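> no FASTA, just this:
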């Protein structure tokens, strides 16, 4: 059907766009990891196995500041940031579907971007396409750009000057913007952002993200700004007729 083809094309387009923007930022991680004292193969192993950008940057940041003696703190910071992927896994379980091997493979690709692209789609097939295209695309691109950054770090200089982190943030904003059509959705985003910004200077890496997530859940659950709003065409409102959770 034309509508299904359009949804599939949109999912492919969103997934590839976010994958390209996010993968480019891997150059920064590769260069910063080597500058923090890791060698090229250690840097690449982190991207291959850990594969969650926030946790990776937290790990090398703590290692860079405190050396090997700070390894326990680095592991704790990376673990706290990675804990959010548990919530993503629960939300994406019905999208991924049944089967041990399918879910085992999906676990490696369940990250911020693949979850965001998937949930931005309307139908179940489109959500699955968005999840797999984004997750696999970023995995391949992130690891290649990590290697490039680790090898060319000295040549590139300060990779933060290129603004690659802004590209990833812009991709997220493009996905988020269509969902900000209700007061409640805006309230959730603002509350989480304010809390994360306020506590970041005083808490260890990872905790601000988890605290902001708790605030978002509480504000979203109460629905205190959305009670009087008429039903709209939010992506999460439509799937009841598509057989989605």
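Here it is on my side, so go on. Only a predicted model underlies this, so the values are computations on that prediction, with no experimental measurement involved. Residues are numbered from 1 along each chain as shown.
> helices or strands up against the longest helix seen in the chain?
The helix spanning the most residues in the chain, taking DSSP state H as the definition, is helix 124-156. Contact here means 3 or more Cβ pairs under 8 Å, 6 or more residues apart in numbering; DSSP states H and E; on that basis helix 124-156 packs against helix 2-24, helix 26-35, helix 40-45, helix 84-96, helix 100-109, helix 112-119. No exception for glycine: its C-beta is placed from N, CA and C like everyone else's.
> switch to 10 Å and redo it
Judged by 3 or more Cβ pairs under 10 Å, 6 or more residues apart in numbering; DSSP states H and E, helix 124-156 is in contact with helix 2-24, helix 26-35, helix 40-45, helix 53-66, helix 84-96, helix 100-109, helix 112-119, helix 164-176.
> Nearest to residue 142 among these would be which one?
Distance to residue 142, taken as Cβ to Cβ, is lowest for helix 26-35 among the helices and strands packed on helix 124-156, at 4.3 Å.
> Show me how the record splits the protein into domains.
Domain assignment for the chain by automatic domain parsing gives 2-180, 183-228.
> could these be laid out in a markdown table, adding mean neighbour count and mean pLDDT?
Shown next, in a markdown table, are those (neighbours: other Cβ atoms under 10 Å; pLDDT from 0 to 100):
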| stretch | mean neighbour count | mean pLDDT |
| --- | --- | --- |
| domain 2-180 | 18 | 81 |
| domain 183-228 | 15 | 71 |
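> hmm, back to that, quick one, which of the helices and strands packed on helix 124-156 gets closest to residue 195.
Residue 195 lies closest, by Cβ to Cβ, to one member of those: helix 84-96, at 14.5 Å.
> which secondary structure elements does the closest one contact?
Taking 3+ Cβ pairs under 10 Å, 6+ apart as the contact definition, the neighbouring helices and strands of helix 84-96 are helix 53-66, helix 100-109, helix 112-119, helix 124-156, helix 207-222.
> how about a cut-off of 6 Å?
Helices and strands in packing contact with helix 84-96 are listed as helix 112-119, helix 124-156; criterion 3 or more Cβ pairs under 6 Å, 6 or more residues apart in numbering; DSSP states H and E.
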